[in-house]
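**Student:** Following is a predicted model, sequence given first.
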Amino acid sequence: MTFKELNLIEPLLRAIEEEGYSVPTPIQAEAIPILLKGTDLLGCAQTGTGKTAAFALPILQFLTENKSFDKKKKIKSLIVTPTRELAIQIEESFNAYGRYTSLNCTVIFGGVGQQPQVDTLRRGVDILVATPGRLLDLIGQGFISLKDVEFFVLDEADRMLDMGFIHDVKKLLLLLPKQRQSLFFSATMPPEIVKLANTILTNPQKVEVTPVSSTADTIKQAIFFVDRGNKNALLLDVLENKDIETVLVFTRTKHGADKIVKVLEKYGVKAEAIHGNKAQNARQRALSNFKEKTTRVLVATDIAARGIDIDELAYVINYDIPNIAETYVHRIGRTGRAGANGTAYSFCDAEEKAYLKDIEKLISKKIPVIDSHPFPLIDHHPEPKPVQNHNRPKSNFKKKVR
């Protein structure tokens, strides 16, 4: 199947072709015809499957074909998503696919001054992409009205739940028109998410293109067992591989991300961190540098796990094994996107073995282990015990680099 067979209008097809796409992904092939009929949709798809285009293209088509020419633009479509990075990328996608339409899209999020966003809203907006906090704030100040919204999209719903935005979402639902088309996307479908979907959708059709919490077959996964104190040294050792042009490294804490960057910089590896304590302009600059490959290593916390969309990202490293198994799926989904190949390495210490077991149970596969590295796990016990074997393999890097 091609995009032409999905009955999309010519301005969209031209933009899609310029973006380099000709064949829709499974979720696009299934969701677009449903949405063009005006039906509510419940979409379950792992990250990286192309779901942004799955909802952006039908919205752009409907608004283009039914556009009113009022002097004052009104918000006809609202997309709510949990993180700034993801919101920005969704707006970029709408603007890319809609470049040959007369529609305009803008994004609002917290962490930056509101005045430029308010100025844009005053000029009129057709499509609004927003994070929940800033959206409710500007609604409360009277700068945004949702009474004309015809399309409502809740993206990354399970992440929204994890981040504590559920009450904000419920507040928004009270402000939306009852007559609307609603789209609900989530990578996983735990009971709480199903319950939320039932309050948003009316007689929806469900699209589930992959098993819940599966990992893409295009991603090569591997585990390195290593003592916690040797993780920095192992990371430096892995980065000796010149085939790794760029790599996204995930750590559990903001402080940990900053420490890793300091170590890498000390050894001449260009690295930057991206997490919630960074100013928005610093986060965007770090992301741009990484995309342009002037920064080799981007170290991120889980807040960015689903908010970073980088074409042809070949490597992801889990410096820390996540304590929530689903998070592993979201992290490694940053690579191997849209059918491309990718590699995901994970560094597992003794205390993280239980997390690894949960991950392998969730994804229904055993992750291969790489034993041939200079820093094998000596302490195999979750609790610290005296190490009797002092014959560790030698390396060019100091042990327990911190």
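**Tutor:** The structure has been received and is ready for your questions. Being a predicted model, the structure only gives us computed values, none of them experimental.

**Student:** Please name every helix or strand in contact with the helix or strand hosting L248.
**Tutor:** According to DSSP states H and E, L248 maps onto strand 247-250. In this structure, strand 247-250 packs against strand 297-300, strand 315-318, with contacts taken as 3 or more C-beta pairs under 8 Å, 6 or more residues apart in numbering; DSSP states H and E. (Glycine included, C-beta is placed from N, CA and C.)

**Student:** I'd like the next helix or strand past the last one.
**Tutor:** Later in the chain than strand 315-318, the nearest helix or strand by DSSP H and E is helix 325-332.

**Student:** Partner strands of the helix or strand just after that following helix and their direction?
**Tutor:** Next along the chain after helix 325-332, taking DSSP H and E as the criterion, comes strand 342-348. Paired strands of strand 342-348, with direction, are strand 219-225 (parallel), strand 315-318 (parallel) (DSSP bridges).

**Student:** okay if I get the ones you listed as a markdown table plus mean pLDDT, mean neighbour count and distance to Q28?
**Tutor:** Converted to a markdown table, the strands paired with strand 342-348 look like this (pLDDT from 0 to 100; neighbours: other C-beta atoms under 10 Å; distance: least, C-beta to C-beta, whole Å):
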| stretch | mean pLDDT | mean neighbour count | distance to Q28 |
| --- | --- | --- | --- |
| strand 219-225 | 95 | 20 | 20 |
| strand 315-318 | 96 | 25 | 24 |
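
**Student:** of the helices and strands packed on strand 247-250, which approaches L234 most closely?
**Tutor:** L234 lies closest, by C-beta to C-beta, to one member of these: strand 315-318, at 9.6 Å.

**Student:** Determine how far the closest one lies from the middle of the whole chain.
**Tutor:** Centroid separation for strand 315-318 versus its chain: 14 Å, with C-alpha atoms, centre = their mean, to the nearest Å.

**Student:** same thing with stretch 316-332?
**Tutor:** Stretch 316-332 has its C-alpha centroid displaced from the chain centroid by 12 Å (C-alpha atoms, centre = their mean).

**Student:** Do me a favour and get the end-to-end distance for it?
**Tutor:** Across stretch 316-332, the terminal residues are separated by 6 Å (C-alpha to C-alpha, to the nearest Å).

**Student:** which parts of it are buried?
**Tutor:** By neighbour count with 16 or more other C-beta atoms under 10 Å, stretch 316-332 contains the buried residues 316-322, 325-332.

**Student:** Lowest pLDDT pick from those residues?
**Tutor:** pLDDT is lowest at E326 among those; the value there is 75.

**Student:** Against T83, how distant is it?
**Tutor:** Noted for E326: a distance of 16 Å to T83, by C-beta to C-beta, to the nearest Å.

**Student:** where do the helices sit along this protein?
**Tutor:** 10-18, 26-36, 51-65, 84-97, 115-123, 132-140, 157-162, 166-175, 191-200, 231-238, 254-266, 280-291, 325-332, 353-363 (DSSP state H).

**Student:** Compare these and give me the one nearest T301.
**Tutor:** T301 sits nearest to helix 254-266 of all those, at 5.6 Å, using C-beta to C-beta.

**Student:** Check what contacts the closest one and list those residues.
**Tutor:** With contact meaning C-beta atoms under 8 Å, 6 or more residues apart in numbering, helix 254-266 is reached by 232, 235-236, 239, 249, 251, 270-277, 297, 299-301, 319-320, 401-402.

**Student:** repeat that with 6 Å
**Tutor:** Here helix 254-266 makes contact (C-beta atoms under 6 Å, 6 or more residues apart in numbering) with N232, T251, A271, A273, H275, N277, V297, V299, T301, V401.

**Student:** Please indicate which of these are buried?
**Tutor:** Buried among the contacts of helix 254-266 by 16+ other C-beta under 10 Å: N232, T251, A271, A273, H275, V297, V299, T301, V401.

**Student:** tell me which of those residues is nearest to R14?
**Tutor:** Nearest to R14 among those, with distances taken as C-beta to C-beta, is V297, at 37.2 Å.

**Student:** Which residues does that closest one form beta bridges with?
**Tutor:** Under DSSP bridges, the beta-bridge partners of V297 are V247, A271.

**Student:** ok, and the closest non-adjacent residue to T52?
**Tutor:** Distance criterion C-beta to C-beta, 6 or more residues apart in numbering; nearest residue to T52, sequence neighbours excluded, is S93 at 4.8 Å.

**Student:** what's the burial count for that neighbour?
**Tutor:** S93 has 20 neighbouring residues, counting by other C-beta atoms under 10 Å.

**Student:** Same check on the one 5 residues further on?
**Tutor:** Other residues near G98 come to 24 when the count uses other C-beta under 10 Å.

**Student:** Distance-wise, check it relative to L146.
**Tutor:** As judged by C-beta to C-beta, G98 and L146 stand 21 Å apart.

**Student:** what's the answer for R14, then?
**Tutor:** Distance from R14 to L146, by C-beta to C-beta: 31 Å.

**Student:** For those two, indicate the residue with more neighbours.
**Tutor:** Neighbour count, other C-beta under 10 Å: between R14 and L146, L146 has more, with 18 against 12.

**Student:** domain ranges for this structure?
**Tutor:** Residue ranges for each domain of the chain read 3-208, 219-363, as given by automatic domain parsing.

**Student:** Could you export those as JSON lines, including distance to H373?
**Tutor:** Formatted as JSON lines, the domains of the chain follow (distance: least, C-beta to C-beta, whole Å):
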{"stretch": "domain 3-208", "distance to H373": "28"}
{"stretch": "domain 219-363", "distance to H373": "6"}
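
**Student:** what's the closest of these to I370?
**Tutor:** domain 219-363 (5.0 Å).

**Student:** any low-confidence regions in the stretch 301-402 of the chain?
**Tutor:** Where the stretch 301-402 of the chain drops to pLDDT under 70, the residues are 303-309, 311, 337-339, 380-402.

**Student:** Kindly recompute the last result at 50.
**Tutor:** For the stretch 301-402 of the chain, the stretches with pLDDT under 50 are 383-395, 397-402.

**Student:** of all the strands paired with strand 342-348, which lies closest to D349?
**Tutor:** Among these, the nearest to D349 by C-beta to C-beta is strand 219-225 (7.7 Å).
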